[in-house]
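**Student:** let me see the structure of the following:
(4 chains)
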Amino acid sequence: MTKLSSTQIAWRAAQDIADGAYVNLGIGFPEMVAKFQPPGRQAIFHTENGILGFGEAPAAGAEDWDLINAGKKAVTLKPGTAFFHHADSFAMVRGGHLDVAILGAYQVAQNGDLANWSTGPKGVPAVGGAMDLVHGAKRVAVITEHVTKDGKPKLLDACTLPLTGVGCVTRVYTSLAVVDIQDGHFVLREKLPQISLDELQSLTGATLHLDGAVADLIVPEL
Amino acid sequence: MTKLSSTQIAWRAAQDIADGAYVNLGIGFPEMVAKFQPPGRQAIFHTENGILGFGEAPAAGAEDWDLINAGKKAVTLKPGTAFFHHADSFAMVRGGHLDVAILGAYQVAQNGDLANWSTGPKGVPAVGGAMDLVHGAKRVAVITEHVTKDGKPKLLDACTLPLTGVGCVTRVYTSLAVVDIQDGHFVLREKLPQISLDELQSLTGATLHLDGAVADLIVPEL
Amino acid sequence: MDKTLPDLAAAVAGIEDGMTVMIGGFGGSGAPIELIHALIDRFRATGHPKDLTVVNNNAGNGHVGLAALIEQGMVRKLICSFPRSADPRVFTELYLAGKIELELVPQGTLAERIRAGGAGIPAFYTPTSYGTDLAKGKPVEEFDGRPYVRERWLKADVALIKAETGDTLGNLTYRMAARNFAPLMAMAAARTVVQVSHLVAPGGIDPEAVITPGIFVQGVVEVPHPAQEEDLNRANAVYPEVAQ
Amino acid sequence: MDKTLPDLAAAVAGIEDGMTVMIGGFGGSGAPIELIHALIDRFRATGHPKDLTVVNNNAGNGHVGLAALIEQGMVRKLICSFPRSADPRVFTELYLAGKIELELVPQGTLAERIRAGGAGIPAFYTPTSYGTDLAKGKPVEEFDGRPYVRERWLKADVALIKAETGDTLGNLTYRMAARNFAPLMAMAAARTVVQVSHLVAPGGIDPEAVITPGIFVQGVVEVPHPAQEEDLNRANAVYPEVAQ
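**Tutor:** Down below sits the predicted model:
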């Protein structure tokens, strides 16, 4: 089936980030969003472990392991970088100072509930900063495959996995579509032109509402 | 009547401050305590407005008005001074990190209640950091005249003025005596040799208990 | 992304009637005199803003800065810990005449309430003020056998603060004890406007030395050689100067 | 008044069985490897301390530092936000075998609980974790129409942290993102012991640059050129080294 690559989902999410926005990118896949800032725009990236305005990854071998992001990957300094401790870092998060947080997801529900930290009681649970981010940033967006590896919907009427936050997500960028969450509903904004509405609906665990035209989700080869 | 001067009360209070103690001195009269550190001891002074380890007053004309204490008097830098903001400053206070706070008083009760911020509903009320200090420092001591200007006791069975804090004071240095507060009682530790116990009791608004010998309160001419 | 403002008038342009305005400073140290005077200029030219709620540790001194703002009749309510100073006449007279409201808050509670506003903490417990008149009407709860008073966060529409060096992204350093409430107010206001003595390009401040990261700052205006409130008062200054 | 400790053994001497120990660091950045290894040395020599409750953001990586402390069986309970790493085997195996307790705390709540412990705030409200499994059993209250979870302060008997430069009064600076939890833990522990890469006399740190004022520090030990956990793990280091 035609679908966007992770890189392409990240690219699409990056297009909605304004110049000068303060942005936190979840560890792993969401970190990729930083690579695709549109020309002329420069977001300022925040990482939970106390850096604002850091730069991209250093060359291999040039890492300084005191200069890392929340995913423990090495980053670099940029003019205007600031360091601070963890309580100040989460004051930025919890206090509503971030413009956007972009996170991964196991499941997103049509009321904005997010499940992205635990796949259930087995294994070792780990939460990190996700539960803080979902209630802090002015806009919480998710980037995700539209369905799980075994084809099950990740956009659901209600999450079945343990929640990260309640009613917190407002936009989902998937491998097939861009979906807003409004008033307890999924509202379809964009979809791949190659996929029909019916097909998209069949891969989605709750009704996709329409509110005006659905745009084509056009993403460059990357 | 024979009594200690304010300077002498401050001197006596200073004798109980250990080397290396972190100390906050209330604005006004208590600031004098800093002048009488015993030889070989060096306390580290804290001021609410964000300085730790400051030095004494500068010469007239050499003031820097960004370098002041809580009483808005100019102070100086010393090796090891640190600056911080008001929330960190009161984290030091409220978090129990100060060893001693020495405050003035309108009234002190035998249960340790302190009244030192308001003389009643008339006028403009002002509290500053006093209510924080009384519940923060490990030891809260008061320095005060033993009686008011018109001869009324300041050490009472219960405060009649609005409280600054409940059960917070553990030692009172007065112009006549040193009195501890223990288990809801005043316990007399030292008194001027020139004054009799009966006379002292008559100037005190609650029973002065004895717990062992009462030492002579001997203070140098200053 | 450049947060530089062209002048003081632009810096105070967004402040409207009825807003809550936090003003940095402890007495004169850290008082953003030029921003306050620019706000007075605007009020004298336009009649706005008025009915302000002002948050500051004090209530002004003499006839400049915060005292002048109060003297102009722009302030409906003051939230502070210590409305006394060498010359507190302006506030005192209005207060005793019932023409200005006062919310008296213990200094550490004031600082923590502002920080809480900036940190997204709607309420917290403190031992401060327990059993006193200033705790009246506030919930009390015991933790580990000790009673504590519940206090609410404090936020503002605008913060006006003074910093020493600022870059165009809003990263700030302060000068000695002029720091006091400013970093907290920067966090707690929807819009924080800063007068900096030195404006530099990004990279002009050591990342380790930043006290207020730029995320808490919305506008920066350079005011070289700012007035020190204490110096003005020792010179018996009045703002605005009385016409001869 | 000199808080300098003669060596690492003296630095970890006061830590007893059953104590709560906060350990600085976010992953390897800021991890006080030499202090942790000194504590392991003491345990191997004396059988103490054990049954520790450790507070850290993570649960160790590989077989050095915190992971080694856990591997020695010295830790009864871990309070952390993210017990995963490149090589989390040590913790994972003990946890799945039921041999170590875990209190999982959202990272921002962990930071704020530690700060609250240091700042004398016994409890505060946060939106974080509302409606999730991690809020179970915690009081919930609405403020301004939004639900919040009440969280308690977190304190420790001892904090072990790493700083860049320290003076003999305990004033500290940190190095880049190695700062993370250390300034908070220094506030929240009854006894804070710091390994500093550079020990200087009072006056050797600019008063504006002090991140942790000395009032929060009880002991300082100089460890020049400290090991970086990440480097140790990339070299597959194990502590203590296995005897050949």
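
**Student:** C-alpha from now on. contacts and neighbour counts both.
**Tutor:** Fine.

**Student:** show me the beta-bridge partners of C:A156.
**Tutor:** C:A189 (DSSP bridges).

**Student:** shaky segments in chain C?
**Tutor:** Within chain C, the segments meeting pLDDT under 70 span C:243-244.

**Student:** ok, and the closest non-adjacent residue to the residue positioned nearest the centre of it?
**Tutor:** Among the residues of chain C, C:I23 comes closest to the average C-alpha position under C-alpha atoms, centre = their mean, at 1.3 Å. Nearest residue to C:I23, sequence neighbours excluded (C-alpha to C-alpha, 6 or more residues apart in numbering or on different chains): C:L160, at 4.9 Å.

**Student:** now for the one helix or strand the one you found maps to, which elements pack on it?
**Tutor:** Taking DSSP states H and E as the criterion, C:L160 maps to strand C:156-167. Counting by 3 or more C-alpha pairs under 8 Å, 6 or more residues apart in numbering or on different chains; DSSP states H and E, the packing neighbours recorded for strand C:156-167 are strand C:20-23, strand C:172-173, helix C:182-188, strand C:189-200.

**Student:** close enough to count as contact, C:C80 and C:T53?
**Tutor:** No: with contact defined as C-alpha atoms under 8 Å, C:C80 does not reach C:T53; the gap is 10.6 Å.

**Student:** which stretches in chain A count as helices?
**Tutor:** With helices called from DSSP state H, chain A shows them at A:6-14, A:86-94, A:130-133, A:197-202.

**Student:** would you turn the ones you listed into CSV with mean pLDDT and distance to chain B?
**Tutor:** CSV is the format used below for those (pLDDT from 0 to 100; distance: least, C-alpha to the nearest C-alpha, whole Å):
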stretch, mean pLDDT, distance to chain B
helix A:6-14, 97, 36
helix A:86-94, 98, 12
helix A:130-133, 97, 22
helix A:197-202, 98, 52
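
**Student:** so the one helix or strand C:E142 maps to, near chain D or not?
**Tutor:** Taking DSSP H and E as the definition, one finds C:E142 inside strand C:140-143. Yes: with C-alpha under 8 Å from any C-alpha of the partner chain as the criterion, chain D is reached by strand C:140-143 at C:F143.

**Student:** contacting residues for residue 102?
**Tutor:** This is for chain A. A:V23, A:N24, A:L25, A:G26, A:P30, A:V140, A:A141, A:V142, A:I143 (C-alpha atoms under 8 Å, 6 or more residues apart in numbering or on different chains).

**Student:** oops, wrong one, chain C.
**Tutor:** Contacts of C:L102 by C-alpha under 8 Å, 6+ apart are C:K77, C:L78, C:I79, C:C80, C:Y95.

**Student:** the second one and C:N57 touch, don't they?
**Tutor:** To tie it back to what came earlier, the one meant is C:L78. No: assessed by C-alpha under 8 Å, C:L78 is found out of contact with C:N57, at 9.5 Å.

**Student:** those two: which has the busier surroundings?
**Tutor:** Each of C:L78 and C:N57 has its neighbours counted (other C-alpha atoms under 10 Å in any protein chain shown); C:N57 has more, 29 against 26.

**Student:** give me the neighbour count for the nearest residue to the more buried one once chain neighbours are set aside.
**Tutor:** Once flanking residues are discounted, C:N57 sits nearest to C:C80: 4.7 Å by C-alpha to C-alpha, 6+ apart. For C:C80, the neighbour count with other C-alpha under 10 Å is 22.

**Student:** with A:D16 instead?
**Tutor:** A:D16: 11 neighbours (other C-alpha under 10 Å).

**Student:** relative to D:L78, how far out is C:V238?
**Tutor:** Distance of C:V238 to D:L78, given as C-alpha to C-alpha, to the nearest Å: 61 Å.

**Student:** again, but for C:P83
**Tutor:** Using C-alpha to C-alpha, C:P83 is found at 47 Å from D:L78.

**Student:** ok, A:Q107 next?
**Tutor:** Distance, A:Q107 to D:L78, by C-alpha to C-alpha: 28 Å.

**Student:** how about the residues of chain A near chain B?
**Tutor:** Counting by C-alpha under 8 Å from any C-alpha, chain A has no residue next to chain B.

**Student:** now the element after the strand holding C:E142, going C-ward?
**Tutor:** Per DSSP H and E, the first helix or strand lying C-terminal to strand C:140-143 is strand C:146-152.

**Student:** by contact count, what packs against that following strand?
**Tutor:** helix C:107-119, strand C:123-126, strand C:140-143.

**Student:** run the last query once more with 7 Å
**Tutor:** Here strand C:146-152 touches strand C:123-126, strand C:140-143, going by 3 or more C-alpha pairs under 7 Å, 6 or more residues apart in numbering or on different chains; DSSP states H and E.

**Student:** listing partners with orientation, what would you give for that strand?
**Tutor:** When DSSP bridges is applied, strand C:146-152 pairs with strand C:123-126 (antiparallel), strand C:140-143 (antiparallel).

**Student:** quick one: buried residues of the last one?
**Tutor:** By neighbour count with 16 or more other C-alpha atoms under 10 Å in any protein chain shown, strand C:140-143 contains the buried residues C:V140.

**Student:** show me the contact partners of that strand.
**Tutor:** Contact with strand C:140-143 is made by C:P147, C:Y148, C:V149, C:R150, D:P122, as judged by C-alpha atoms under 7 Å, 6 or more residues apart in numbering or on different chains.

**Student:** how far does that strand sit from its chain's centre?
**Tutor:** From the chain centre to the centre of strand C:140-143 is a distance of 31 Å (C-alpha atoms, centre = their mean, to the nearest Å).

**Student:** same thing with the first one?
**Tutor:** The chain centroid and the centroid of strand C:123-126 are separated by 22 Å, computed with C-alpha atoms, centre = their mean.

**Student:** how much space between the residue lying farthest from the centre of chain C and B:L200?
**Tutor:** Within chain C, the residue lying farthest from the chain centre (C-alpha atoms, centre = their mean) is C:G145, at 36.2 Å. Noted for C:G145: a distance of 36 Å to B:L200, by C-alpha to C-alpha.
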